[in-house]
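*Asks:* I'd like to go over a predicted model; first the sequence, then the structure.
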Amino acid sequence: MAPSADSEITALREEVSRLSKIISAQSARAYSDTRDKASEAYEAALPHARRAIDQVKAEGSAVAEATREHPLGIGGVVVLATALGMLVGYALGAATQSEPRSWWRDYF
């Protein structure tokens, strides 16, 4: 005798419930593992980040001191860097521009 529709539905519900519990447990385990690994990575990176922050502060102080001591020199460096940036931009723009169209080639 074939199983009834009600018993099949009940069996399917039990299977879905069992699978939901398995997925929930695996998700909780994966979340916990990921959280632990992220915490370990943060703890490992923290000393390096602090050293980098200290280095940036020291470099910033050195630049500020050099600017106070040599304001015209820093101005010259800024002007030179701007001019070089413009030249590089112009060169790149000219190199990537396609060949201009000529009306002569379009008609003859």
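*Replies:* In hand now; what should we look at?
*Asks:* and the pLDDT for residue 40?
*Replies:* As predicted, residue 40 sits at a pLDDT of 93.
*Asks:* what about it, helix or strand, and which?
*Replies:* In this assignment (DSSP states H and E), residue 40 forms part of helix 5-69.
*Asks:* what is that helix packed up against?
*Replies:* Contact partners of helix 5-69 among helices and strands, from 3 or more Cβ pairs under 8 Å, 6 or more residues apart in numbering; DSSP states H and E: helix 71-96. No exception for glycine: its C-beta is placed from N, CA and C like everyone else's.
*Asks:* and the angle from the helix it packs on to helix 5-69?
*Replies:* For helix 71-96 against helix 5-69, the angle by axes from the mean of the first three to the mean of the last three Cα atoms, to 10 degrees is 130 degrees.
*Asks:* and helix 71-96, which residues are buried?
*Replies:* By neighbour count on 16 or more other Cβ atoms under 10 Å, the buried set for helix 71-96 is empty.
*Asks:* what mean pLDDT does that helix have?
*Replies:* 88.
*Asks:* and it, how far out from the chain middle?
*Replies:* 28 Å (Cα atoms, centre = their mean, to the nearest Å).
*Asks:* check stretch 80-99 too.
*Replies:* Chain-centre distance of stretch 80-99: 28 Å, with Cα atoms, centre = their mean.
*Asks:* need the contact partners of that stretch.
*Replies:* Contact with stretch 80-99 is made by no outside residue, as judged by Cβ atoms under 8 Å, 6 or more residues apart in numbering.
*Asks:* just the CA trace of it, in CSV.
*Replies:* C-alpha atoms of stretch 80-99 as CSV (Å, rounded to 0.1, in the frame of the first residue of the first chain):
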residue,chain,number,x,y,z
LEU,A,80,57.6,72.0,-10.2
ALA,A,81,55.4,69.1,-9.2
THR,A,82,52.3,70.8,-10.7
ALA,A,83,54.2,71.5,-14.0
LEU,A,84,55.4,67.9,-14.2
GLY,A,85,51.9,66.6,-13.5
MET,A,86,50.5,68.8,-16.3
LEU,A,87,53.2,67.7,-18.8
VAL,A,88,52.5,64.0,-18.0
GLY,A,89,48.8,64.6,-18.3
TYR,A,90,49.3,66.3,-21.7
ALA,A,91,51.6,63.6,-22.9
LEU,A,92,49.2,60.8,-21.9
GLY,A,93,46.2,62.7,-23.4
ALA,A,94,48.0,63.2,-26.7
ALA,A,95,49.2,59.6,-26.8
THR,A,96,45.7,58.2,-26.2
GLN,A,97,43.9,60.5,-28.6
SER,A,98,42.9,58.9,-31.9
GLU,A,99,44.1,60.3,-35.2
